[in-house]
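Enquirer: Sequence and predicted structure are below.
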Amino acid sequence: MKIKRGDGLNVVPFIDVMLVLLALVLSISTFVAQGKIKVEVPSASQSQQEKKEDEKPISIVVTNDDKIYVDDTEMDEDKLKEYISKIPNDKMVNFKGDKSSTLDKFVFVINELTKKGHESDKFRIDAKRD
């Protein structure tokens with residue numbers, strides 16, 4: 001049995017099915033990526049994970065003339081190293097740097113915190129938001 005040249009396999013229904021599957025996969029993947037699917041997580045006791053919201057974060061400020069202040073107290077690099085070595089790794093640290101200050105001081109502060117092993121989620125760089 002020979003197939004005539006004009007006769008062939010009709011692929012239009014196959015393409016329709018594939019487009020519907022593609023649309024479903026794309027729509028589901030965007031829900032998962034954006035976190036739109038609601039999931040109720042189990043609860044845990046709060047005795048292990050107490051939040052310390054009333055604690056004030058440490059504020060490190062670098063001025064335009066490259067002076068370093070920790071909670072309104074001026075410190076040189078050696079005193080700052082000693083101070084950073086004494087703070088706990090889970091203490092929140094806010095960093096504010098003047099836009100005219102040198103990058104050297106910024107890198108110094110970040111380097112000292114990371115060398116000590118300060119947790120990355122406990123460090124925030126404050127910037128002016130437009």
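Expert: Cool, the structure landed. Numbers count the residues shown, from 1 in each chain.
Enquirer: Going by C-alpha atoms from here, please, whenever you check contacts or count neighbours.
Expert: Noted.
Enquirer: Next one: Ser85 from Ile15, what distance?
Expert: Per CA to CA, to the nearest Å, Ser85 is found 64 Å from Ile15.
Enquirer: Pick out whichever of those two has more residues nearby.
Expert: For Ser85 and Ile15, the more surrounded residue by other CA atoms under 10 Å is Ser85, and the numbers stand at 16 against 11.
Enquirer: ok, then the element right after the helix or strand harbouring that one?
Expert: If you go by DSSP states H and E, Ser85 is part of helix 77-86. Tracing the chain past helix 77-86, the next element assigned as helix or strand by DSSP H and E is strand 93-97.
Enquirer: Name every strand pairing with that next one and say which way it goes.
Expert: Partner strands for strand 93-97, per DSSP bridges, with pairing direction: strand 58-62 (parallel), strand 123-125 (parallel).
Enquirer: longest single helix anywhere in this protein?
Expert: For the chain, the longest helix by residue count, based on DSSP state H, is helix 12-34.
Enquirer: now that helix: mean pLDDT?
Expert: Per-residue pLDDT values over helix 12-34 give a mean of 82.
Enquirer: send the alpha carbons of it over as CSV?
Expert: Provided in CSV are the C-alpha atoms of helix 12-34 (Å, rounded to 0.1, in the frame of the first residue of the first chain):
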residue,chain,number,x,y,z
VAL,A,12,-2.3,20.4,13.1
PRO,A,13,-4.1,18.6,16.0
PHE,A,14,-0.7,17.6,17.4
ILE,A,15,0.5,21.3,17.3
ASP,A,16,-2.7,22.4,19.0
VAL,A,17,-2.2,19.9,21.8
MET,A,18,1.5,20.9,22.2
LEU,A,19,0.5,24.7,22.4
VAL,A,20,-2.0,23.9,25.2
LEU,A,21,0.6,21.9,27.1
LEU,A,22,3.1,24.7,26.6
ALA,A,23,0.7,27.3,27.9
LEU,A,24,-0.1,25.2,31.0
VAL,A,25,3.6,24.6,31.8
LEU,A,26,4.4,28.3,31.4
SER,A,27,1.6,29.5,33.6
ILE,A,28,2.3,27.0,36.3
SER,A,29,6.0,27.8,36.3
THR,A,30,5.3,31.5,36.8
PHE,A,31,3.1,30.8,39.8
VAL,A,32,5.8,28.7,41.4
ALA,A,33,8.5,31.2,40.6
GLN,A,34,6.6,34.1,42.0
